[in-house]
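>>> Could you work out the structure for the sequence below:
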Amino acid sequence: MKELQVGKRNFKLVEKIPTGYSIWYIGSHMSEGYLPLCQCDKDYHVNPDTLKAIKCDDAQDIMMWCACASTEKEERNRFNEIIKRFNS
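Alright, predicted model coming up:
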């Protein structure tokens, strides 16, 4: 299986979103043209050992739409926590 390395993270390339995965909003930290996917537990901790990505022309737009789709404060906080963890 092919992989994509982004910073310290390795993403296995897939053609479909696997069951149990979500789009991971990490903004410009992802390589252009790839949509990052992750598995999260109920506290929104991302499993860094199971990251995946899909080649997608509109990846940055899709990530932004996912982030903007929720207007609830809890969801915005969730995305902020995920971004903080990615940057550490």
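
>>> make it CA atoms for all contacts and neighbour counts henceforth
Noted.

>>> Need the residue closest to the centroid of this structure.
For the chain, the residue whose C-alpha lies nearest the mean C-alpha position (C-alpha atoms, centre = their mean) is Trp24; its distance is 1.8 Å.

>>> Which stretches in the protein count as strands?
Secondary structure of the chain by DSSP state E: the strands cover 3-6, 9-13, 22-23, 34-38, 52-55.

>>> What's the end-to-end length of stretch 3-19?
Across stretch 3-19, the straight-line distance between its terminal residues is 19 Å, by C-alpha to C-alpha, to the nearest Å.

>>> got the buried residues for that stretch?
Residues of stretch 3-19 classed as buried: 4, 10-13, 17 (neighbour count, 16 or more other C-alpha atoms under 10 Å).

>>> still on that earlier bit, tabulate the strands of the chain (TSV), appending distance to Trp65 and mean pLDDT.
As requested, these are arranged in TSV below (distance: least, C-alpha to C-alpha, whole Å; pLDDT from 0 to 100):
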stretch	distance to Trp65	mean pLDDT
strand 3-6	22	92
strand 9-13	21	95
strand 22-23	11	87
strand 34-38	12	93
strand 52-55	16	94
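
>>> Adding distance to Asn77, write these out as TSV.
As requested, the strands of the chain are exported to TSV (distance: least, C-alpha to C-alpha, whole Å):
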stretch	distance to Asn77
strand 3-6	24
strand 9-13	22
strand 22-23	16
strand 34-38	17
strand 52-55	23
